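Novice: What follows is a predicted protein model with its sequence.
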Amino acid sequence: DGGITQSPKYLFRKEGQNVTLSCEQNLNHDAMYWYRQDPGQGLRLIYYSQIVNDFQKGDIAEGYSVSREKKESFPLTVTSAQKNPTAFYLCASSPDRDNWGYTFGSGTRLTVV
Amino acid sequence: EDQVTQSPEALRLQEGESSSLNCSYTVSGLRGLFWYRQDPGKGPEFLFTLYSAGEEKEKERLKATLTKKESFLHITAPKPEDSATYLCAVQASGMGTGGFKTIFGAGTRLFVKA
């Protein structure tokens, strides 16, 4: 089945650590996105990528980094500079930047311990 | 300021009790409005895209409508399995990098009791 796979499902980070969240898709979609979801708030865009080796900052990119070395993969690193990283992180894709029906992964819940 | 507001925050229904969820928006240059369903601990699942005022779309017990200022998600004779959070998102042009931006509402949590 085609879809988006996020791993791990749960992740715990110690203070000062960098952690990387994985996102892989087999939908042959060009565009990929990372969103952060907090209780009582709408999804907020962290980064997006329209093509391989290119990505753009979203609304809340500070403390995060991404790479897009392959069309299928768009990992997100939460760095120690992100002061409030506890949240639910969602990866999404769409056939291209102009196609609006996102397919989402199942999410990664990150908790600072 | 561009905004997407969903109401109510939570809605409790008895099985079979029809109701509507609201998504109001203030943006310029609307390109499309989306509805998603999200189950606890999972990613959102795409339901509908609406492009212009007056448009309607249906899927099983769900019907989405769009006006120039808001969208409604009508749920007819809901069942317990319809319990979920329903998210609304608006895509508008001329607002950000690449020429457009998607704004999500905070969602409406729907509980349907048998």
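Specialist: Perfect, thanks for sending it.

Novice: Quick check: phi and psi at the closest residue to A:I4 other than its chain neighbours.
Specialist: Of all residues not flanking A:I4 in the chain, A:G105 sits nearest, at 3.8 Å (C-beta to C-beta, 6 or more residues apart in numbering or on different chains). Using the backbone N, CA and C atoms, a C-beta is placed for each residue, glycine as well. The phi and psi values for A:G105, taken as degrees, to the nearest 10, are phi -80, psi -180.

Novice: B:E81 now?
Specialist: Dihedral angles (degrees, to the nearest 10) for B:E81: phi -70, psi -10.

Novice: Which strand or helix spans the closest residue to it other than its chain neighbours?
Specialist: Taking C-beta to C-beta, 6+ apart, and ignoring the residues beside it in sequence, B:E81 has B:V112 as its nearest neighbour in space, at 7.8 Å. In the assignment (DSSP states H and E), B:V112 maps to strand B:108-113.

Novice: For that strand, give me every contacting residue.
Specialist: Under the criterion C-beta atoms under 8 Å, 6 or more residues apart in numbering or on different chains, residues B:6-15, B:21, B:75, B:78-86 lie in contact with strand B:108-113.

Novice: residue ranges with poor pLDDT in chain A?
Specialist: Under the criterion pLDDT under 70, the flagged ranges of chain A are A:1, A:97-100.

Novice: In chain B, where is pLDDT below threshold?
Specialist: Looking at chain B by pLDDT under 70, you get B:94-99.

Novice: Around chain B, which positions in chain A sit nearby?
Specialist: Within chain A, the positions near chain B by C-beta under 8 Å from any C-beta of the partner chain are A:4, A:6, A:35, A:40-45, A:50, A:56-57, A:90, A:92, A:97, A:100-107, A:109.

Novice: In helices only, show me these.
Specialist: When DSSP state H is applied, the residues of chain A next to chain B are split such that none fall in helices.

Novice: Just the buried residues of those.
Specialist: A:4, A:6, A:35, A:42-45, A:50, A:90, A:92, A:97, A:100, A:102-107 (16 or more other C-beta atoms under 10 Å in any protein chain shown).

Novice: Let's see which of the contacts of strand B:108-113 end up in strands.
Specialist: In strands, judged by DSSP state E, the following of the contacts of strand B:108-113 are found: B:Q6, B:S7, B:A10, B:L11, B:R12, B:L13, B:Q14, B:L21, B:I75, B:A84, B:T85, B:Y86.

Novice: so which of those residues is the most crowded?
Specialist: Ranked by the number of neighbours (other C-beta atoms under 10 Å in any protein chain shown), the ones in strands among the contacts of strand B:108-113 place B:Y86 first, at 24 neighbours.

Novice: Touching, that one and B:F34? I think so.
Specialist: No. The pair B:Y86 / B:F34 is not scored as a contact, 11.0 Å apart, by C-beta atoms under 8 Å.

Novice: anything in contact with each of the two?
Specialist: What both B:Y86 and B:F34 touch, as defined by C-beta under 8 Å, 6+ apart, is the set B:L47.

Novice: Close to chain A: what parts of chain B are there?
Specialist: In this structure, chain B approaches chain A at residues B:4, B:9, B:31-32, B:34, B:36, B:41-46, B:49, B:87, B:89, B:91, B:97-98, B:102-107, judged by C-beta under 8 Å from any C-beta.

Novice: Which of these are buried, as a ChimeraX select command?
Specialist: Buried residues among the residues of chain B next to chain A (16+ other C-beta under 10 Å), as a ChimeraX selection:
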select /B:4,31,32,34,36,42,43,44,46,49,87,89,91,102,103,104,105,106,107
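
Novice: now, which of the residues of chain B next to chain A lie within strands?
Specialist: Per DSSP E, the residues of chain B next to chain A map to strands at B:4, B:31-32, B:34, B:36, B:45-46, B:49, B:87, B:89, B:91, B:102-104.
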